[in-house]
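[1] Prediction below, plus the sequence it came from.
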Amino acid sequence: MVLVPIWPQLAQTLRTPSIEDIAGNLTTRELQVIQMIAEGLSNKMIANKLDIAESTVKCMLSIF
């Protein structure tokens, strides 16, 4: 009987996703919104800059 260490497999399964993992699933617009939030802009300011509704910005952020 051969015992296979499961720790590396378990560690891979439980690891925290990297920013690359997360960003790879986001649209360009979602990344823009996140960047602007990080810069301190309000939802309203982001909406005005991107020419979208403030509710769209709120909706994008609700998934995070």
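    On my side now, so go ahead.

[2] Please make it C-alpha for all contacts and neighbour counts, starting now.
    OK.

[3] Now do residue 25 against residue 36, distance only.
    18 Å (CA to CA, to the nearest Å).

[4] neighbour-wise, which of those two wins?
    More crowded of residue 25 and residue 36, by other CA atoms under 10 Å: residue 36, with 16 against 10.

[5] Model confidence at the more buried one, what's the number?
    Residue 36 is assigned 94 on the pLDDT scale.

[6] my read: it touches residue 46, true?
    Yes: in terms of CA atoms under 8 Å, residue 36 counts as a neighbour of residue 46; the distance is 6.7 Å.

[7] mind listing the helices for the protein?
    Ranges of helices in the chain, per DSSP state H, are 7-14, 19-23, 28-38, 43-50, 54-62.

[8] Neighbours of residue 33, how many?
    The burial count assigned to residue 33 is 22, neighbours taken as other CA under 10 Å.

[9] residues in contact with it?
    Applying CA atoms under 8 Å, 6 or more residues apart in numbering to residue 33 gives the contacts 46, 57, 60.

[10] any idea how far it is from residue 25?
    Going from residue 33 to residue 25 by CA to CA gives 14 Å.
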